[in-house]
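> I need the structure of the sequence given here:
(one chain, ligands or ions: 3)
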Amino acid sequence: MSEQQVRKRPVRLSSLRLRVLAVLEEANAPLTAAEVGQRAGTSTASTYRALGFLVQQHLVIAVPDGNLLPTGDERRVWRYARCVEKRHHHHFVCKACHSIIDIRCSDFERALAALTLNSEHLIESHELTLVGTCVHCLSGESHPQ
Ligand SMILES: [Zn+2]
Ligand SMILES: [Zn+2]
Ligand SMILES: [Zn+2]
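Residues are numbered from 1 along each chain as shown. Ligands and ions are numbered 1, 2, ... in the order given. Sure thing, here's the model as predicted:
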């Protein structure tokens, strides 16, 4: 990503947030907050704050670490990655290589829109993360990154 894209958004990014964003920009795989902090040279607290802000601004996505999902552990590890796709979409997370892949499904969105219209509740948004094994890991190939 270029600085231009950051500037285009009506969001002020502090230098600390920019540093965190740059780390994810350069990473070739989703990172844990600890890894981000290490690379950005930021404290744990400010790393979490910066990541929280970037996720809120849809500049970065947070997905649960696939390997820790089935345990139901409350202290599950999250991984963070840059997501440049602005249109609404979901993510597929590979348990083996931790890659995060953008997923779009119009049938699913239509079904959810129908649910939203027919619900007595005020449904404003939804989140969905699919977890499994990516095609590269299934075929035993090394991941093209
Ligand atoms: Zn994989
Ligand atoms: Zn995405
Ligand atoms: Zn959706």
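
> residues contacting the residue in the chain positioned nearest to ligand 2?
Closest approach between the chain and ligand 2, counting by CB to the ion: residue 83, at 3.5 Å. Using the backbone N, CA and C atoms, a C-beta is placed for each residue, glycine as well. Neighbouring residues of residue 83 by CB atoms under 8 Å, 6 or more residues apart in numbering: 58, 59, 60, 61, 91, 100, 102.

> Just send the residues you listed back as JSON lines, with pLDDT too.
What follows is the contacts of residue 83, written out as JSON lines (pLDDT from 0 to 100):
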{"residue": "58", "pLDDT": "86"}
{"residue": "59", "pLDDT": "91"}
{"residue": "60", "pLDDT": "94"}
{"residue": "61", "pLDDT": "92"}
{"residue": "91", "pLDDT": "91"}
{"residue": "100", "pLDDT": "88"}
{"residue": "102", "pLDDT": "92"}
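
> Taking the residues you listed, please make a PyMOL selection of just the buried ones.
Buried residues among these (16 or more other CB atoms under 10 Å), as a PyMOL selection:
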select buried, resi 59+60+61+91+100
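
> Out of the contacts of residue 83, which are close to ligand 1?
Counting by CB under 5 Å from the ion, nothing from the contacts of residue 83 sits close to ligand 1.

> so what does the strand or helix carrying residue 116 touch, helix or strand wise?
If you go by DSSP states H and E, residue 116 is part of helix 106-118. Packed against helix 106-118, as judged by 3 or more CB pairs under 8 Å, 6 or more residues apart in numbering; DSSP states H and E, are no other helices or strands.

> Following element in sequence after that helix, please.
That would be, after helix 106-118 and using DSSP H and E, strand 129-132.

> Pull the residues that contact that following strand.
63, 64, 66, 69, 90, 91, 92, 93, 94, 95, 103.

> Which residue in these has the weakest pLDDT?
By pLDDT, residue 69 ranks lowest within the contacts of strand 129-132, coming in at 50.

> and this structure, which residues reach ligand 1?
So far as CB under 5 Å from the ion goes, the chain lies against ligand 1 at 94, 96, 97, 134, 137.
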